[in-house]
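J.: after the sequence you'll find the predicted model.
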Amino acid sequence: MSVKDRIVAALTQGLQPQALDVIDESHQHAGHMGSRAGGETHFRVRITADAFANRSRVDRHRAVNALLADELRPDGVHALAIEARAPGEAGR
């Protein structure tokens, strides 16, 4: 299973999102710190879930990071950009 697939599975199970987009941006970081052959080191997560209602941006990011702790280890994902919203919130 790819890193992307594991991220999707963990966030789906943990947050039951209405919308989830996991984008591997590793190719944009080739040759930079944390980059590895084969990619899967830099990701962007766009997620909309009821679990984020009335929670601060920091709390939302903490929830995502906690669910992805197994991927965010020193030899795993190097960078994770998170866009977390509650249903009905406009994009920023």
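T.: Arrived safely, thanks for sending.
J.: show me what the mean pLDDT comes to for the lengthiest helix in the chain.
T.: Using DSSP state H, we find that the single longest helix of the chain is helix 3-15. Rounded to a whole number, the mean pLDDT of helix 3-15 is 97.
J.: that one - contacts with which helices or strands?
T.: Applying 3 or more C-beta pairs under 8 Å, 6 or more residues apart in numbering; DSSP states H and E, one finds that helix 3-15 makes contact with strand 19-24, strand 42-48, helix 57-67. Backbone N, C-alpha and C define where each C-beta goes, glycine included.
J.: how about JSON lines for these, with mean pLDDT, mean neighbour count and distance to residue 76 added?
T.: As requested, those are arranged in JSON lines below (pLDDT from 0 to 100; neighbours: other C-beta atoms under 10 Å; distance: least, C-beta to C-beta, whole Å):
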{"stretch": "strand 19-24", "mean pLDDT": "96", "mean neighbour count": "14", "distance to residue 76": "13"}
{"stretch": "strand 42-48", "mean pLDDT": "95", "mean neighbour count": "19", "distance to residue 76": "10"}
{"stretch": "helix 57-67", "mean pLDDT": "97", "mean neighbour count": "15", "distance to residue 76": "12"}
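J.: among these, which is nearest residue 80?
T.: strand 42-48 (5.4 Å; C-beta to C-beta).
J.: what sits up against that closest one?
T.: Around strand 42-48, the neighbours that count as contacts under C-beta atoms under 8 Å, 6 or more residues apart in numbering are 3-4, 7, 11, 15, 17-26, 28-29, 34-35, 64, 77-87, 89.
J.: mind listing what's buried in stretch 1-15?
T.: If you call a residue buried by 16 or more other C-beta atoms under 10 Å, then stretch 1-15 has these buried ones: 3-4, 6-8, 10-11, 15.
J.: for stretch 83-92, same thing?
T.: For stretch 83-92, by 16+ other C-beta under 10 Å, it's 83-85.
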